[in-house]
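> need the 3D shape of this:
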Amino acid sequence: MPEDIALVGVDNDDLYCHLARPPLSSVTVNAERVGYESARLLDRLLAGRRCPKTAILVPPVRVHVRRSSELLAIEDADVAKAARFIRENAVRPISVTDVLRQVPLSRRSLERRFKKILGRGVAEEICRVRLERCKHLLVETDLKIATVAHYSGFSSARHLADVFSRELGMSPSEFRKRSRPKYVPRLAEE
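Numbering: from 1, shown residues only. Predicted coordinates:
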């Protein structure tokens, strides 16, 4: 995993997910909404009405991507090795030159193959992986933006804010505010 098969669990139990090797990706079910919809159906049944014929689908709160599913299936061994190196080291101050030391290719050749397979260059992939790490930390923790920047491989909070603005059109703080899970209102007491 994940090179040959991706594996995703459910309920996102942090202990179990992080004890697995590699750490297990998992779906967080919107249990509160499932309960709300179930209560609504039960209320219909108790009132003598029929249940709808179509299934009620409740989307998950989010998918927590971890190592068990985070890699694309890349058949080009050199590009796969470079992508793996980026994924494992992007939180450090790495550059395209560091990636090139991992594969027996010229910069031009690696860039061309990266663009063909992933649709982006090596530096763009480093930035993308850092942004994904950053977004995860913004949603899952209350760390200060400067700390998030450090743990995501950005040189400073200012650099992170510039990249965030350019790539996502908003500040890290605004992303955090918008991305935290919103829950369905509880049933009113009667």
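
> if I look at residue 19, how far off is residue 13?
9 Å (C-beta to C-beta, to the nearest Å). For the C-beta atoms, the positions are set from N, CA and C on the backbone; glycine is no exception.

> repeat for residue 55
From residue 55 to residue 13 the distance is 26 Å (C-beta to C-beta).

> more neighbours: these two, which one.
Per other C-beta atoms under 10 Å, whichever of residue 55 and residue 13 has more neighbours is residue 13, with 12 against 6.

> that one against residue 26, yeah?
Yes - the pair residue 13 / residue 26 is scored as a contact, 7.5 Å apart, by C-beta atoms under 8 Å.

> any idea of the mean pLDDT in the helix or strand where residue 33 lies?
Element membership of residue 33 [criterion: DSSP states H and E] is helix 31-46. Mean pLDDT, computed over helix 31-46, is 91.

> which outside residues touch the helix or strand following it?
For helix 31-46, the following helix or strand on the C-terminal side (DSSP H and E) is strand 62-64. Residues outside strand 62-64 that contact it (C-beta atoms under 8 Å, 6 or more residues apart in numbering) are 8, 12, 17, 25, 26, 27, 28, 139, 181.
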